[in-house]
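Colleague: Here's my sequence, what's the structure:
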Amino acid sequence: FTGSNSWDESKKNWYPYAHGFSGFKAEIERGWTNALEEGLLGYLLPVEIATKRVMLFKTELHPKNNGPHLPFIKLVQQLVMEVKPELVITTGTAGGVGKNLNCGDVVITDTARLHCKSQYSDYPAIYELSSQNVELKSGAAFNNKYVNYAAANFTRLSLPGLYECFQKLTGRAGYSFLKKNTSVPMLYVKGVNSVPGSQPMDIVSADYLTVDHEYNSEGLQALGIMNDTDDAFAAYAMNSLPASKRPKWLSIRNASEPQVVAPPFPAATSPSKVIDTLKGLAGPIYGVYQYCTTFNSVFACWGIIAGMTT
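Modeller: Below is the predicted model of the structure:
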């Protein structure tokens, strides 16, 4: 939406958001964030798409980075109460789950699952929802007309960049499983054109970096079709609000790495070893593909919002 591939450059034109920061400060632990250093919670930018007013928000808080108090949840709830949105879209990069997603494909869904290792004293329900694999739901309905238009006309624009990404990893040991994008990336919509295969069309959000493995070593394939570290936490935050204050929400995520293919782990391999090994394999893919694949999430977001104007 901003036209710049450098966040450091883009944020000069955004509005710093620090409302109530003093109430968050004690709950924020240092992590991958500028919140404490800069004394802010994120950045806002209002834009318009046809007749719709859209508030973009780039958060400086993340569930897996800022400690056991999960200030991200309170931040989401505060923003919803202040902005009063008709629809909340959480969007960005993710990892594909299952063999049928390739880098650049996008999933649009209104269902999410938490996948957590830790318990959170401020939000005990989170671990319970995670351990029972409970599906969080929104019931968001939308006009698919412009999503279809984006799929037919826009996602093909990412193909040259995706090819360059593939070329950067071609011949690198351990990455022969990467697939060249020979067809136009897909915009998959839950209930309309689901990803082929048995995975539910859910976004799975963990409090650590998860990666789907051909042998399902982290158990993601029964939970969802994309994995990230934010969206289900945002869904939990919104679903915890009073019904009259609760907006509909959608997760729109692009695959910046596919399911990884590697030999099965010996039975005695520790869970931490599995996580670190898969994370180490997926990280370089994400590092190369993240920017180019994000374009297709932007196209999908445009399609959803444009559809709300007709």
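Colleague: Give the buried residues for the helix or strand harbouring Thr294.
Modeller: Thr294 is part of helix 271-307, with elements assigned from DSSP states H and E. Within helix 271-307, the residues that count as buried by 16 or more other Cβ atoms under 10 Å are 274-275, 277-278, 281-282, 285-286, 288-290, 292-307. Backbone N, C-alpha and C define where each C-beta goes, glycine included.
Colleague: swap in stretch 44-60?
Modeller: Neighbour-count burial for stretch 44-60 flags Leu44, Leu45, Ile49, Val54, Phe57, Thr59, Glu60 (criterion: 16+ other Cβ under 10 Å).
Colleague: and which of those residues is nearest to Asp105?
Modeller: Using Cβ to Cβ, Ile49 comes nearest to Asp105 of the buried residues of stretch 44-60, at 23.0 Å.
Colleague: so who does the nearest residue to that closest one once chain neighbours are set aside touch?
Modeller: The spatially closest residue to Ile49, leaving aside those adjacent along the chain, is Ile305, at 4.6 Å (Cβ to Cβ, 6 or more residues apart in numbering). Ile305 is in contact with Ile49, Ala50, Lys52, Val54, Ile89, counting by Cβ atoms under 8 Å, 6 or more residues apart in numbering.
Colleague: Who does the first one form a beta bridge with?
Modeller: Okay, so that is Ile49. Lys52 (DSSP bridges).
Colleague: Could you list which of the buried residues of stretch 44-60 belong to strands?
Modeller: Among the buried residues of stretch 44-60, the members found in strands (DSSP state E) are Leu44, Leu45, Ile49, Val54, Phe57, Thr59.
Colleague: I figured the fourth one hits Val47, correct?
Modeller: Yes: contact between Val54 and Val47 holds when scored by Cβ atoms under 8 Å: they sit 5.1 Å apart.
Colleague: so which strand or helix has the residue lying farthest from the centre of the chain?
Modeller: Distance from the C-alpha centroid of the chain, by Cα atoms, centre = their mean, peaks at Ala268 (31.7 Å). Assigned by DSSP H and E, Ala268 belongs to neither a helix nor a strand.
Colleague: wait, is Ile89 part of a helix?
Modeller: No: read with DSSP: H, G, I helix; E, B strand; the rest coil, Ile89 is strand and lies in no helix.
Colleague: so who does it touch?
Modeller: Ile89 neighbours (Cβ under 8 Å, 6+ apart): Trp249, Leu250, Ser251, Ile252, Cys301, Ile304, Ile305.
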